[in-house]
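**Student:** 3D model of this:
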Amino acid sequence: MGRDLRIGDFAPDFVLKDQHGDIVKLSDYRNKAKVVLYFYPKDDTPGCTIEACGFRDKYYEFQHAGAEVIGISSDSNSSHFKFASKFRLPFTLLSDSGAKVRQLYNVPNAFLFIPGRVTFIIDKEGVIRYIFNSQLNALKHVNEAVKVLDSI
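**Tutor:** Numbering: from 1, shown residues only. Alright, predicted model coming up:
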């Protein structure tokens, strides 16, 4: 696992493929946009669908606050594409096969084996401004992110 990340730390850079097979680097957003980086367990499952649709429904608010939303799970690019298409998700979903970025961000498993649900708010300079960890309260990730972005 990576080291524990704290508010004020620089968000570790990474390179992953999105739902279209395009390469995305976190550093591409530096000095351009804030980032709501959310790790979730699995595409098209009840809690993850509620969370993703919550981010979708407030996407305009995130855009208005100068932020991009990026979801990360270990699902494949094709799984992400189907999930994004089915629920009309307007944001990027990244495939972290092997959970390397999940480990880099030290996102713990919940209930021993379920990948954890953690959201990081990263400012334009690449600094982590907020970390929210709640496995069961999926929609609170969305509401917390909106509140934090309004304050930075």
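
**Student:** CA atoms for contacts and neighbours, from now on please.
**Tutor:** Will do.

**Student:** mind listing what the helix or strand bottoming out on mean pLDDT in the chain pairs with, with the direction of each?
**Tutor:** Each helix and strand of the chain was given a mean pLDDT (mean pLDDT, DSSP states H and E); the minimum falls on strand 109-110 at a mean of 79. Strand 109-110 pairs in its sheet with strand 114-115 (antiparallel), by DSSP bridges.

**Student:** packing partners of the lengthiest helix in the chain?
**Tutor:** Counting residues, the longest helix in the chain under DSSP state H turns out to be helix 138-151. With contacts taken as 3 or more Cα pairs under 8 Å, 6 or more residues apart in numbering; DSSP states H and E, helix 138-151 sits against helix 46-57, helix 59-64, strand 118-122, strand 128-133.

**Student:** what are the contacting residues of it?
**Tutor:** 36, 47-48, 50-51, 54-55, 58, 61-62, 65, 67, 117-119, 121, 130, 132, 134 (Cα atoms under 8 Å, 6 or more residues apart in numbering).

**Student:** just the helices and strands packed on helix 138-151: most buried one?
**Tutor:** Of all those, strand 118-122 has the most neighbours on average by mean count of other Cα atoms under 10 Å, namely a mean of 25.

**Student:** tell me the angle of it relative to strand 128-133?
**Tutor:** For strand 118-122 against strand 128-133, the angle by axes from the mean of the first three to the mean of the last three Cα atoms, to 10 degrees is 170 degrees.

**Student:** can I get strand 118-122 in PDB, CA atoms only?
**Tutor:** Extracted in PDB, the C-alpha atoms of strand 118-122 (Å, rounded to 0.1, in the frame of the first residue of the first chain):
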ATOM      1  CA  VAL A 118     -13.000   7.200  -0.800                       C
ATOM      2  CA  THR A 119     -13.200  10.700  -2.400                       C
ATOM      3  CA  PHE A 120     -10.300  13.100  -2.700                       C
ATOM      4  CA  ILE A 121     -10.800  16.800  -3.600                       C
ATOM      5  CA  ILE A 122      -7.700  18.100  -5.300                       C
END
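
**Student:** tell me the helices and strands packed up against it.
**Tutor:** Partner elements for strand 118-122 (3+ Cα pairs under 8 Å, 6+ apart): strand 34-39, strand 128-133, helix 138-151.

**Student:** low-confidence stretches in the chain?
**Tutor:** The chain contains residues with pLDDT under 70 at 1-3.
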